[in-house]
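Student: Provided below are the primary sequence and the corresponding predicted coordinates.
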Amino acid sequence: MKKTLITFIITLFVTISMNSQTKFDLPENIELKRDSDYAKYENDIVSAAKWLEETDLNTETDKRKQVDAFIIKWVSGTPNITVEMNSCLMKLYGKNNELLALYMASYSAYFIQNATADKTAAVKAGIVSMINVYKKGISITKSKEMEKAIEAYDQNKFDEYIAKNFG
């Protein structure tokens, strides 16, 4: 009886864990030619950002590449959002190129979900997503600048860090 109960609890936990992951499917026949095309995919950008943040870097790698390509194409052409990037951002992700698409997606998602947002808040949203994935330590190469950002974040000095490096 006890063994059956433990097996049931483990099965339930695994099922809940698997279902709690964000599901995201790339839209089919993506067309980004006119300015009006980009608005159609805003919800997909928000979902993609969430999926990239929640899905470990070592899983669904082919899908991740496709999602990254979609995000980069969308960000490169959207007339409504200009993603803020500078040399400090490049130091943050370092050799972890996957974090760049995550940043762009999370930055864009923040603007999509908060119409009156400012660039600083969107930068913070993008970097927090990067920090969340980096802290998992899965398929990550250490970055001194990311370690500094995490330290600032953990010590409630993140606003100062953002102002100094992205202001």
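Tutor: Yep, it's here.
Student: give the contact list for the residue nearest in space to the middle of the chain.
Tutor: Nearest to the geometric centre of the chain sits residue 102, at 3.4 Å (Cα atoms, centre = their mean). Taking Cβ atoms under 8 Å, 6 or more residues apart in numbering as the criterion, residue 102 is in contact with 49, 52, 53, 126, 129, 130, 133. Glycine gets a C-beta too; all of them are placed from N, C-alpha and C.
Student: low pLDDT regions in the chain?
Tutor: For the chain, the stretches flagged by pLDDT under 70 are 1-21.
Student: any idea how far residue 120 is from residue 165?
Tutor: Using Cβ to Cβ, to the nearest Å, one gets 11 Å for the distance from residue 165 to residue 120.
Student: between the two, tell me which one has more neighbours.
Tutor: Using other Cβ atoms under 10 Å, the more surrounded residue of residue 165 and residue 120 is residue 165, with 19 against 14.
Student: just the CA atoms of whatever helix or strand the more buried one lives in, as CSV, please.
Tutor: Of the helices and strands defined by DSSP states H and E, residue 165 is found in helix 158-166. In CSV, the C-alpha atoms belonging to helix 158-166 read as follows (Å, rounded to 0.1, in the frame of the first residue of the first chain):
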residue,chain,number,x,y,z
PHE,A,158,19.8,46.1,-9.8
ASP,A,159,18.4,49.6,-10.6
GLU,A,160,21.8,51.1,-10.0
TYR,A,161,23.4,48.4,-12.2
ILE,A,162,21.0,49.1,-15.0
ALA,A,163,21.4,52.9,-14.8
LYS,A,164,25.2,52.6,-14.9
ASN,A,165,25.4,50.1,-17.7
PHE,A,166,22.3,50.8,-19.8
